[in-house]
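> Take this sequence and fold it.
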Amino acid sequence: MSPGEPKLTVEEQRLLWTLRDIPPSRLRDSFLALVDDIASLVREPHCVEMQADGVPCESAYATCDRCRRVVSVLERLRAELGR
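Residues are numbered from 1 along each chain as shown. Have a look, this model is predicted:
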């Protein structure tokens, strides 16, 4: 880590160590791909339902956090996992 980089939070460290503890396998590869996809969605949410005639919410510029789509997806995933 270079001097200008921020330190990892406790949560970030825990996630990294958890990922490193998963043995190499197809399951690990699939899981890492899913985590990467989720991180991309959360980092840059966009309306996947946007069409030429508009969007389902009041604005094409509303974040998914505002219309709750991303939060809803994450909550359903956690519910399926029993957390």
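> Contact partners for Val35?
Applying C-beta atoms under 8 Å, 6 or more residues apart in numbering, we find Val35 in contact with Leu19. No exception for glycine: its C-beta is placed from N, CA and C like everyone else's.
> before we move on, which element is it in?
helix 26-43 (DSSP states H and E).
> Give me the buried stretch members for that helix, please.
Neighbour-count burial for helix 26-43 flags Leu41 (criterion: 16 or more other C-beta atoms under 10 Å).
> What mean pLDDT does the helix or strand that Leu15 is a member of get?
Using DSSP H and E, Leu15 maps to helix 10-21. Mean pLDDT, computed over helix 10-21, is 94.
> ok, and for that helix, which residues are buried?
So, applying 16+ other C-beta under 10 Å, helix 10-21 has no buried residues.
> Other residues contacting it?
Residues contacting helix 10-21 (C-beta under 8 Å, 6+ apart): 8, 32, 35.
> change it to 10 Å
Helix 10-21 is contacted by residues 6-9, 28, 31-32, 35 when judged by C-beta atoms under 10 Å, 6 or more residues apart in numbering.
> Please render these as TSV that adds distance to Arg76 to the earlier fields.
Below are the contacts of helix 10-21 laid out as TSV (distance: C-beta to C-beta, whole Å):
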residue	distance to Arg76
Pro6	31
Lys7	33
Leu8	28
Thr9	26
Arg28	23
Phe31	18
Leu32	21
Val35	16
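> remind me which residues of this protein are low pLDDT?
Along the chain, the parts satisfying pLDDT under 70 run over 1-2, 44-69, 83.
> go again using 80 as the cut-off
1-4, 40-73, 83 (pLDDT under 80).
> tell me the contacts of Asp36?
So Asp36 contacts nothing (C-beta under 10 Å, 6+ apart).
> My error: substitute Ile38 in the last question.
Counted by C-beta under 10 Å, 6+ apart, Ile38 has contacts 70, 73-74, 77.
> any idea how far Arg20 is from Leu32?
Separation of Arg20 from Leu32 (C-beta to C-beta, to the nearest Å): 11 Å.
> now do Leu41
On the measure of C-beta to C-beta, Leu41 and Leu32 end up 15 Å apart.
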